[in-house]
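Peer 1: sequence first, then the predicted structure:
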Amino acid sequence: YNQEVQRITRTSDGFETWTPEGLSYRSRVVVIAVGIFGRPNRPDHAIPPGLRGRVHFEVASRPIRGPDVLVVGGGDSAAEYVQHLYPANHVTLSYRRSALTRLNPVNLEILTRLAEERRVELLLGTNIHHLENDQGHPRAVFAEIPARTFDSIVYALGGSTPADFLRRAGIQADGCDPVVKPNSQTNVPGLYLAGDLVARGEGSIILAFNTGRRIVREGLCVDQFQCRIDDGPTLPQMPSGKAPRGGPG
């Protein structure tokens, strides 16, 4: 915990993971699962001076100063930021398209219901032309609707793969996408990538879970440690073919 990884180097028997302070941790294998949001995309317009603490690119590291919050974006991260913020704030979502076409079905259902119940506000088909400093609060000047002042703005515009970090670890790439084997191992033996890093722009929580499972079962257990994972007990079948009460179904 509370350690930043600066670089990963290969050794004769595994890896050394280095921190900016010069500490190193030795391991036989390394799984990189940092996602693509460590370097979030920034808007095209500038952030005016004096809005520090009022403009955010995620919701975890600093408290969001409400109660009137604007979330900008149309992906699953934007929808989940809205769900995280709305119980304690009045949350508005601005998205440049006229429909929410990028959300997974669960997030789409939740966000649609919240909008229908007037617990969140949707500004679809809107683009922020620029921001202004309105007495220490961000004022969003839209291209399509009148400008509005908010207490805080959260940009959820996606992110980019940390290409330099992966390249320094010796990982080959096909354009912007790192190259991995079917078990998510890179060209560096013992170095694996999980989650959105191997999603090629189509990441989801399901894909992240599946890559993690594949690494453990086919990578670590088969290639590295020769361990065995039991699939668990099989539910008994009822005569009708239905699962017993309490099971799936």
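Peer 2: Great, that's in hand. As the structure is a computational prediction, the values presented were derived from the model and not from experiment.

Peer 1: compute the distance between residue 28 and residue 227, please.
Peer 2: Here the criterion is Cβ to Cβ, to the nearest Å. By it, residue 28 lies 13 Å from residue 227. Placement of C-beta: from N, CA and C, glycine included.

Peer 1: then residue 147?
Peer 2: 59 Å.

Peer 1: show me what the lengthiest helix in the chain is packed against.
Peer 2: Secondary structure of the chain per DSSP state H: the longest helix is helix 105-116. Other helices and strands packing on helix 105-116, by 3 or more Cβ pairs under 8 Å, 6 or more residues apart in numbering; DSSP states H and E, are helix 76-85, strand 120-124.

Peer 1: recalculate using a threshold of 10 Å.
Peer 2: helix 76-85, strand 90-95, strand 120-124 (3 or more Cβ pairs under 10 Å, 6 or more residues apart in numbering; DSSP states H and E).

Peer 1: which neighbours do residue 28 and residue 227 share?
Peer 2: residue 220 (Cβ atoms under 10 Å, 6 or more residues apart in numbering).

Peer 1: neighbour-wise, which of residue 147 and residue 227 wins?
Peer 2: residue 147 (14 against 10; other Cβ atoms under 10 Å).

Peer 1: okay, and the spatially closest residue to that one that is not a sequence neighbour sits in which element?
Peer 2: The spatially closest residue to residue 147, leaving aside those adjacent along the chain, is residue 141, at 4.4 Å (Cβ to Cβ, 6 or more residues apart in numbering). Using DSSP states H and E, the element containing residue 141 is strand 137-142.

Peer 1: and the helices in the chain, which stretches?
Peer 2: According to DSSP H, the helices that the chain contains are 76-85, 105-116, 163-168, 205-214.

Peer 1: show residues contacting the third one.
Peer 2: Residues external to helix 163-168 that are found in contact with it (Cβ under 10 Å, 6+ apart): 5-9, 32, 34, 38-39, 162, 171-173, 175-178, 186, 188, 191, 193, 197.

Peer 1: by mean pLDDT, which helix or strand of this structure comes out lowest?
Peer 2: Here the helix or strand of the chain ranked lowest by mean pLDDT, DSSP states H and E is helix 205-214, holding a mean of 80.
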